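[1] can you look at this prediction? I've put the sequence above it.
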Amino acid sequence: MPQTIARHPKALVAIHWVTAAAVLGAWASAEGGRAVVQNPPLVHFTLGLAVLVLVLPRLVLRLRGGGAQADSQFRPLAAATAAGHGLLYALLIALPLTGWYAASQMGVGVQVLGLDLPALAAPVQGRPGAIAEFHESAGSLILVLAGLHALMALWHQFVLRDGTLRRMSLR
């Protein structure tokens, strides 16, 4: 008999889907290299910083018991689930911060909704360095992890039949 898992709080579900849309939008609007100095990608900056702002209430809601509980019957899967979620959360924080840092190193002012944000680093000549390279690579990594996350949700829904997609809907 399939096990039914309790629904997530609607606030957590809403933040989940808005964050997913912001991550996809930030990835789609990304521009690399020094071209951003002449034409800063304001949509990318706004969406990236929205991810950073959204992760804070999301973490609070999860820590208050709103997150998914791993199936403890198969410990390796439970450990992989916890590691995957931990890495996703780490990237949701690291990507916006490293992007802001890299923009600062390129001398690009980060402006969001008309607000000028302070630089996180002094401008440098030449390549912005390892932080910028991490930002670019991690941008692709978070999409891979999100894809695996979605595949696991589908597996839970259609193989385990535990109602995972239903509990992640706003209805």
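    Great, that's in hand. Residues are numbered from 1 along each chain as shown.
[2] does the residue positioned nearest the centre of the chain count as helix, strand or coil?
    Nearest to the centroid of the C-alpha atoms of the chain, with distances taken as Cα atoms, centre = their mean, sits Leu92, at 3.5 Å. Under the three-state scheme (DSSP: H, G, I helix; E, B strand; the rest coil), Leu92 adopts helix.
[3] from Val23, how far off is it?
    8 Å (Cβ to Cβ, to the nearest Å). Quick note: C-beta positions are derived from backbone N, CA and C, even for glycine.
[4] need the strands for the chain, in chain order.
    110-112, 115-117 (DSSP state E).
[5] quick revisit: what sits against the residue nearest to the centre of the chain?
    19, 23, 51-52, 54-55, 58, 142 (Cβ atoms under 8 Å, 6 or more residues apart in numbering).
[6] just give me the least confident of the residues you listed.
    Across the contacts of Leu92, the smallest pLDDT goes to Arg58, namely 88.
[7] for it, grab the count of nearby residues.
    Residues lying near Arg58 (other Cβ atoms under 10 Å) number 22.
[8] for Ala130, same thing?
    10.
[9] show me the shaky parts of this protein.
    Applying pLDDT under 70 to the chain flags residues 1-6, 34, 66-74.
[10] could you redo the last one with a cut-off of 90?
    For the chain, applying pLDDT under 90 flags the ranges 1-13, 31-42, 58-82, 85, 109-115, 125-129, 152-153, 155-157, 160-171.
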